[in-house]
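Asks: fold the following for me, if possible:
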Amino acid sequence: MSQDRRVESYDRGRIEDVGRWKDWAKHKPGMWAFYLHRFTGLVLSFYLVMHLAVLGTGFWLGHEEYTAILQGLESLYIVRVLEIGLFAAFVFHALNGIRIVMFDMTIGLDIQEQLFYLSIALSFAIVVAGVPFFLL
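Replies: Model (predicted):
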């Protein structure tokens, strides 16, 4: 055997790297869990920054104007729908995080796919149960 052994499987080239993203249906549940966890994490991070920025404007505007603006926003239907989306992102991110912690403790490694579907189903059930509270 030669000392100069190269592993050529790592250099797949530009065409294959781009090509693997074109067919989303071929991704397995583990990759979907990864994508959804990253996406919901980004949504929650963006919301946190925006939330802090909006709270900061209360110092500049004064209590009365700030309260009036927030009440005006809360009366908009689109804001309530976005709050439901934020709640859904939070619930899925939390349940998927619990699933990931379980894997770190070597619990449920053989049923990863079923636990992903369970986290999706529980997220859906919790969000559907919580929708009336946002639309009141």
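Asks: quick one, grab the pLDDT at Ile100.
Replies: Looking at Ile100, its pLDDT reads 94.
Asks: please, which helix or strand holds it?
Replies: Taking DSSP states H and E as the criterion, Ile100 maps to helix 77-104.
Asks: what's the answer for Tyr117, then?
Replies: helix 112-135.
Asks: that helix - what's its average pLDDT?
Replies: Per-residue scores along helix 112-135 average to 93.
Asks: show me what counts as buried in that helix.
Replies: Of the residues in helix 112-135, Gln112, Leu115, Phe116, Ser119, Ile120, Ser123, Ile126, Val127, Phe134 count as buried by neighbour count, 16 or more other Cβ atoms under 10 Å. For every residue, glycine as well, the C-beta is placed using N, CA and C.
Asks: how much space separates the second one from Leu70?
Replies: Separation of Leu115 from Leu70 (Cβ to Cβ, to the nearest Å) stands at 39 Å.
Asks: what of the fifth one?
Replies: Distance of Ile120 to Leu70, given as Cβ to Cβ: 33 Å.
Asks: please apply the same query to the last one.
Replies: Note on Phe134: its distance to Leu70, by Cβ to Cβ, is 15 Å.
Asks: returning to what we had before: turn the buried residues of helix 112-135 into a markdown table, columns for distance to Tyr66.
Replies: What follows is the buried residues of helix 112-135, written out as a markdown table (distance: Cβ to Cβ, whole Å):
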| residue | distance to Tyr66 |
| --- | --- |
| Gln112 | 46 |
| Leu115 | 43 |
| Phe116 | 41 |
| Ser119 | 37 |
| Ile120 | 38 |
| Ser123 | 33 |
| Ile126 | 31 |
| Val127 | 29 |
| Phe134 | 22 |
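Asks: noted, bye for now.
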